[in-house]
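> What would the 3D arrangement of this be:
(2 chains)
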2 protein chains.
Amino acid sequence: MSKRTATLPLVLPPREAGSPAARWLYATLRAQILAGRLPAGARLPATRDLARQQGLSRGTVVAAFEQLRAEGYVAGTIGSGTYVNRVLPDELLHVRRAGRVAPAASPAPARHVARLARRLRALPGYERRPTRAFRANVPALDLFPISLWAQIASRRLRRATAQQLLGCDALGYRPLREAVAHYLITSRGAQCVPEQVAIVSGVQEALDLVARLTIDPGDVVCVEHPGYVSATSVFTAYGARVRAVAVDEEGMRVPDGRARGARLAYVTPGHQHPLGMAMSLRRRFALIDWARRAGALILEDDYDSEFRYAARPLPALQGLDTHGVAALTGSFSKVLFPSLRLGYLVVPPDLVDRVAAAKSLANLHTPLLDQAVLCDFITEGHFGRHVRRMREVYAARLGVLLDGTRRYLTGLLDVSGIEAGLQTVGWLAAARDAATVARAAAARRVEVIPLGRPALGTVPREALLLGFAAVDEEEIMRGVRELARVLGRPAPLP
Amino acid sequence: MSKRTATLPLVLPPREAGSPAARWLYATLRAQILAGRLPAGARLPATRDLARQQGLSRGTVVAAFEQLRAEGYVAGTIGSGTYVNRVLPDELLHVRRAGRVAPAASPAPARHVARLARRLRALPGYERRPTRAFRANVPALDLFPISLWAQIASRRLRRATAQQLLGCDALGYRPLREAVAHYLITSRGAQCVPEQVAIVSGVQEALDLVARLTIDPGDVVCVEHPGYVSATSVFTAYGARVRAVAVDEEGMRVPDGRARGARLAYVTPGHQHPLGMAMSLRRRFALIDWARRAGALILEDDYDSEFRYAARPLPALQGLDTHGVAALTGSFSKVLFPSLRLGYLVVPPDLVDRVAAAKSLANLHTPLLDQAVLCDFITEGHFGRHVRRMREVYAARLGVLLDGTRRYLTGLLDVSGIEAGLQTVGWLAAARDAATVARAAAARRVEVIPLGRPALGTVPREALLLGFAAVDEEEIMRGVRELARVLGRPAPLP
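Residues are numbered from 1 along each chain as shown, chains lettered A, B, ... in the order given. Down below sits the predicted model:
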């Protein structure tokens, strides 16, 4: 902390009638130092300012400061500033630390917590370890052109108008909504006008907004099995009865009678999470037809389809919907960087006003200048260039992973070729347990996420999720060799 | 839109078996142009790329392009790029516009909407008109040092680590949480450790998170009357039964029997919104005692107490709480700029994990680099300097407002001197109707918000909310003179 921040007016508890002013001020400041409210290094206000603020004479304040200085609580001279001592006597430090650890004086009363809050489970936190093979869901952050981004941001901020400092509509900065609509129409085959596009704080917020609009406690929501756990956590928090619908080679099956009365189906047709296949065209139409008959909304999460390695991408499911039953969400996290928290949500026209109301009550709107920087990044062509560049890099990394596992792991770990995304799946030989393999790999600094036993096709097999985008080709080969060791067939040294 | 964004792969619907490839491609591209999916000026992919993407021969693509060019849909030459024509024949334009306006082909089914969503009412949008006397709730945005902010942002972004591009804890960027805790302790008299501080997207998100944690449908929530409408909207959306508790000269009264079973009380003790008085110390202690006995949480909104014109600020109510019943929220919108969407929420220790879970499910975390820039702005002393500078500017503007109304409006509009904030209240003479005055003032380009008839003291009078921070002294005097005209006592010309 800088010393300067403490020169804002100091707030002191009121003085009891009858206590001498200098004594009161000394005791109060001392108590604040001991309690850690005035931490080591904090600058006390100038005596003149403090006197005025507290309605005391300057002599009173000087007297109190002198006593604090004499006892070792503060240092410095009048004129150059007075600071809380960085090194306090041992006995003081002891009291002070205790004060910092236990902020509330007496225990809180039995706290009432809302039912929604009791269903909340925090999502897993960020990994703080170095990025390794085969970290999933993370792009190659070291290849993001951050200097270019900084330059665009600096230009945008310097030119910001008073209106841009004030705010924007709940659904976002209009030029960005137009740019995103254009991008989704031309590159993802979506069907929308800019009015249907909401700029949100990532897919996570899109899930939250859609859950608010569609779920009452007890309502049925369909999710893919296996599927994206963080989505299920949101639906569960809103009190949904979650129906896990099996995934086969064509993607999620059409929900059956167990999903009667379903309000929502959450799907990842572009690149099923976690298994990686694209939903077949036939299945997409069947799902739209089911939603129309059921009166349910489909939420399509197009989370990493920018990185497509096959020649002919399928259009987004939302683009095939002529009944207004499909919403589309996606994130800029995987193309740009996740901590930016920017994504989009496209909804059918009749839900636009409700999304705007939900978004404005939740947080008014997504930070405007971040949106404006992204808008420039897209419209100036940097977005498209970065996607193309990363697609080449990731395709090469995927190639290394496929080659490596074919050479060293055939029969032990069969890795799926995929059409899009940042990760793929490795299928273990029948007798293997994914969780055990993952633990053994972790001991060799290789990260794989065990998927258990997805019943895909006729033989349920254990599987591992393997990310290939975040690390370079050398690290991918290290990961392959370590996995070969874990699975009992050591590869020759490179 | 730039042309470049359209050079990402084009997503086309699948080709029907048996139709000749060139004919299919021509018809498909033509349909996309007519439907507005390929807008005027959009660049088509290079023939070579499109051929590869669609699995066609290059000759097929060239043939389709030639036909589109011959019919006037596209222009440009092979080699230099092919663009959708900006000027299309009239009959095409007609079709195309229709396609843009009506995105969904058939009407949506009767849509089921969750109960929570049916209670949502959008908050008022941003004012797009020029800032005038007496715009409320807005700081002097033209005096914000945006170049300095841009410089700090640029430096932060250029130095961002891969970890910072990835993310942070749900409660925020740790160094900012420390800086905010320090600021709240030293300048606002709050009592907290950094672990209790959550960085949120403004007070609006703090309201939403606290409502999630405390309110089940049917629960009682106490708010001030008159009070902050956007807060009440959030509580109502979560199904609360809202009890309006009268405000007197000491701030909100202690809730009575009608508030039995209350889960939450939302208060603005620093500068009551909208009336402007500070809650008395006696009332603060009484409210804490009520909350302890009721098992309720107090949410203190310290929305603009940075700008304090009286000498001795009272400490935050949260700082007086020794029972763990008070939470504290505030925004950086009023000091910096509102479109940044950054604020804080300090909660009792036992609620920290629940706030983290709610925040992570809602949007993972607040954008990290915005937080890091604010952290630098605070710790390098810019925040404190800007607060001090604005406090002087606003104090002078308030002085002009008080002088002006005393000179020209005594007996017609009595303006309260206030201790803090960006706005104050003008009390109308007994016979006047605030809404009528506000309409007449609007016709003279003066904005005042009618407060109706707050029963403060023994004589209920109509009142107007008057902002004085957003506009300069000349504009304030213009507003005073226009109000004098509206109220029937024209002031002499300046």
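> For chain A, which strand extends over the most residues?
Looking across chain A with DSSP state E, the single longest strand is strand A:241-248.
> The very next helix or strand once past that strand pairs with which strands?
Sequence-wise, the next helix or strand downstream of strand A:241-248 (DSSP states H and E) is strand A:251-252. When sheet partners are counted by DSSP bridges, strand A:251-252 sits next to strand A:241-248 (antiparallel).
> Buried residues, the strand it pairs with. List them.
A:241-243, A:245, A:247 (16 or more other C-beta atoms under 10 Å in any protein chain shown). Every residue, glycine included, has its C-beta placed from N, CA and C.
> Stretch A:55-74 and chain B, any residue contact?
Yes: looking at stretch A:55-74 against chain B by C-beta under 8 Å from any C-beta of the partner chain, the contacts come from A:G55.
> and the nearest residue to A:G125 once chain neighbours are set aside, what helix or strand is that in?
Nearest residue to A:G125, sequence neighbours excluded (C-beta to C-beta, 6 or more residues apart in numbering or on different chains): B:D169, at 6.2 Å. Counting by DSSP H and E, no helix or strand carries B:D169.
> what about B:D169, how many neighbours?
The number of residues packed near B:D169 is 19, by other C-beta atoms under 10 Å in any protein chain shown.
> likewise A:R174?
Count around A:R174 with other C-beta under 10 Å applied: 16.
> if I look at it, how far off is chain B?
Remark: distance between A:R174 and chain B (C-beta to the nearest C-beta, to the nearest Å) = 11 Å.
> okay, that residue: pLDDT?
On the pLDDT scale, A:R174 is placed at 96.
> After the lowest-mean-pLDDT helix or strand in chain A, which helix or strand is next? Please name it.
The weakest-scoring helix or strand in chain A, judged by mean pLDDT, DSSP states H and E, is helix A:90-101 (a mean of 37). Next helix or strand after helix A:90-101 toward the C-terminus (DSSP H and E): helix A:115-118.
> in whichever helix or strand comes after that following helix, what counts as buried?
Note on helix A:115-118: by DSSP H and E, the next helix or strand toward the C-terminus is helix A:146-158. By neighbour count with 16+ other C-beta under 10 Å, helix A:146-158 contains the buried residues A:146, A:149-150, A:152-154, A:156-157.
> Let's test this: mean pLDDT of helix A:146-158, rounded?
pLDDT averaged over helix A:146-158 gives 96.
> still on that earlier bit, so what's the residue nearest to A:G125 up against?
B:D169 makes contact with A:125-126, B:356, B:365, according to C-beta atoms under 8 Å, 6 or more residues apart in numbering or on different chains.
> How about A:S333?
Counted by C-beta under 8 Å, 6+ apart, A:S333 has contacts A:139, A:202-203, A:340-343.
> can you narrow the residues you listed to ones near chain B?
Answer for the contacts of A:S333 near chain B (C-beta under 8 Å from any C-beta): A:202, A:340-342.
> In strands only, show me the contacts of A:S333.
Counting by DSSP E, the contacts of A:S333 contribute A:G343 to strands.
> Between the contacts of A:S333, which sits nearest chain B?
Sorting the contacts of A:S333 by how near they are to chain B, with C-beta to the nearest C-beta, puts A:R341 at the top with 4.6 Å.
> For the closest one, the count of nearby residues, please.
27.
> so where do the strands sit in the stretch 251-400 of chain A?
Counting by DSSP state E, counting those that start in this stretch, one finds strands in the stretch 251-400 of chain A at the ranges A:251-252, A:262-267, A:297-301, A:326-331, A:343-346.
> what angle do the longest helix anywhere in chain A and helix A:146-158 make?
Counting residues, the longest helix found in chain A (DSSP state H) is helix A:382-409. Orientation check (axes from the mean of the first three to the mean of the last three C-alpha atoms, to 10 degrees): helix A:382-409 against helix A:146-158 gives 150 degrees.
> And helix A:382-409, what does it pack against?
Helix A:382-409 is packed against strand A:413-415, strand A:423-428, helix A:473-486, with contacts defined by 3 or more C-beta pairs under 8 Å, 6 or more residues apart in numbering or on different chains; DSSP states H and E.
> The longest one and chain B, are they touching?
No: using C-beta under 8 Å from any C-beta, we find that helix A:473-486 stays clear of chain B, coming within 13.9 Å at best.
> Just list whatever residues bridge to the residue nearest to A:C192 when sequence neighbours are not counted.
Nearest residue to A:C192, sequence neighbours excluded (C-beta to C-beta, 6+ apart): A:V346, at 4.9 Å. Bridge pairing for A:V346 (DSSP bridges) gives the partners A:V197, A:L328.
> Do I have it right that A:V346 meets A:A190?
Yes: A:V346 is within contact range of A:A190, at 6.3 Å (criterion: C-beta atoms under 8 Å).
> intersection of neighbour lists for those two?
With C-beta under 8 Å, 6+ apart, A:V346 and A:A190 have common neighbours A:181, A:184, A:318, A:328.
> Strand A:326-331 and the helix or strand that contains the second one, what's the angle between them?
Okay, so that is A:L184. Secondary structure assignment for A:L184, by DSSP H and E: helix A:174-188. Orientation check (the same axes, to 10 degrees): helix A:174-188 against strand A:326-331 gives 100 degrees.
> which ones are touching the residue nearest to A:A395 when sequence neighbours are not counted?
Nearest non-adjacent residue to A:A395, counting by C-beta to C-beta, 6+ apart: A:Y309, 5.0 Å away. Contacts for A:Y309 (C-beta under 8 Å, 6+ apart) come out as A:391, A:394-395, A:398, A:418-420.
> Number of residues surrounding the nearest residue to A:G202 once chain neighbours are set aside?
The shortest distance from A:G202 to any non-neighbouring residue, by C-beta to C-beta, 6+ apart, is to A:G343 (4.5 Å). Under the neighbour criterion other C-beta under 10 Å, A:G343 is assigned a count of 25.
> Equivalent analysis for A:V203, please.
Other residues close to A:V203 by other C-beta under 10 Å number 26.
> How about it: what's its closest non-neighbour residue?
Counting by C-beta to C-beta, 6+ apart, A:V203 lies nearest to A:S331, which is 4.7 Å off, once chain neighbours are set aside.
> now swap in A:A463 and tell me
Distances taken as C-beta to C-beta, 6+ apart place A:L451 nearest to A:A463, at 4.2 Å, with adjacent residues excluded.
> Report the buried residues of stretch A:378-393.
Neighbour counts over stretch A:378-393 (16+ other C-beta under 10 Å) mark A:378-379, A:382-387, A:390-391, A:393 as buried.
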